[in-house]
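Just the structure for this:
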Amino acid sequence: MAESYTAAPAVPLRGARAAQLPLIGGRLCLDFANTANGRGTEHHTENLWDYPALLAWSRRAGAVDAAHAEALAEEARRHERAAESVRRQALVLREAIHRGFAALAHRRKPDPADLATINNGLAAAMAHARLAPTRTGFEWSWEEGKPALDRMLWPILRSAAELLTAAAELSRVKQCGGWDCGWLFLDLSKNSSRRWCEMEVCGSRAKARAYYARKRAAETHAE
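Okay, the predicted model is just below:
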C-alpha cells in the first residue's frame, strides 16, 4: 500500500489512550477506523501515535492476543524503523477504510483508490490465512512463525472484506452525527434509528448545543 496518509494537526495521545478507546463500531474494521476522530477539524485527534499505541489498541480490540502482542512488542523494539513503517501503512489502510465505509454510510460509492488499498492489503493478508481444525469442524486462523509486525492488520482486512460482502449488514453502517466525531458503527437497533456513536457523548453534546442555540435565539428575539 502506498504511503499517502497525511493528517491534520493532531493531539499526541500515545498507547495509554489507544488502549482505552471505546469499541462501539460493531465490527473490527469499523473500530479500527475509529482510532482517529475529528478529521478535517481543529479537534482532529490521532490515537495511533506510535507502534506501541497501535499494538495496545490491537490487543484491546482482539486483533492480536496477549502472546502475539508480547512477541510483536519485542520485535518492534529490535526493529524500530520497520515498526514505524508498519504504523504508517496501518494509517493509510485505516483512512481508506474510514473513507470507504463513510461513503457507504451516506449511500455513496467508495473511491476506487480506497477499494484498491483495501484489496491490495487483503491480498497480502490472506496469504497468511490458514484453516485450522476444531472439535466440530474448521476455523480461520493465521500462520505462525517469526513475528510479523503487521499481523494485527490481517484480521482487520478480513473484517473489512466480510462486511463489504454482507449486504444486509452493509446497509446498516452509519456515521456518527457529532460534528467533531466522524466515527462509524453498525446500527443494529430494531428500527435503524441510532444516530450517535455513544448517546452519552456525542448525543448529549448535540442536545446541549441545540438547547443553547434555542436559548440564544429566544434571547435575541426578546431584545
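
Quick one: mean pLDDT over the longest helix seen in the chain.
Longest helix in the chain by number of residues, with DSSP state H as the criterion: helix 80-105. In this model, helix 80-105 carries a mean pLDDT of 98.

buried ones in the next helix or strand after that helix?
Secondary structure here is assigned by DSSP states H and E; on that basis, the next helix or strand after helix 80-105 toward the C-terminus is helix 112-126. Judged by neighbour count using 16 or more other CB atoms under 10 Å, the buried positions of helix 112-126 are 114, 117, 118, 119, 121, 122, 125. C-betas here are computed from N, CA, C, even on glycine.

got it, and stretch 161-174?
Within stretch 161-174, the residues scored as buried using 16+ other CB under 10 Å are 161, 163, 164, 169, 172, 173, 174.

Quickly note the distance from the second one to residue 83.
Spatial separation of residue 163 from residue 83 under the definition CB to CB, to the nearest Å is 28 Å.

Could you name the helices and strands sitting against the longest helix of the chain?
Contacting helix 80-105 under the criterion 3 or more CB pairs under 8 Å, 6 or more residues apart in numbering; DSSP states H and E are the following elements: helix 28-33, helix 51-61, helix 66-78, helix 112-126, helix 153-164, strand 173-175, strand 184-186.

change it to 7 Å
Other elements packing on helix 80-105 under the criterion 3 or more CB pairs under 7 Å, 6 or more residues apart in numbering; DSSP states H and E are helix 28-33, helix 51-61, helix 112-126, helix 153-164, strand 173-175, strand 184-186.

Might you calculate how far it sits from the centre of the chain?
Using CA atoms, centre = their mean, to the nearest Å, the mean C-alpha position of helix 80-105 is found 8 Å from that of the whole chain.

Alright, calling it a day.
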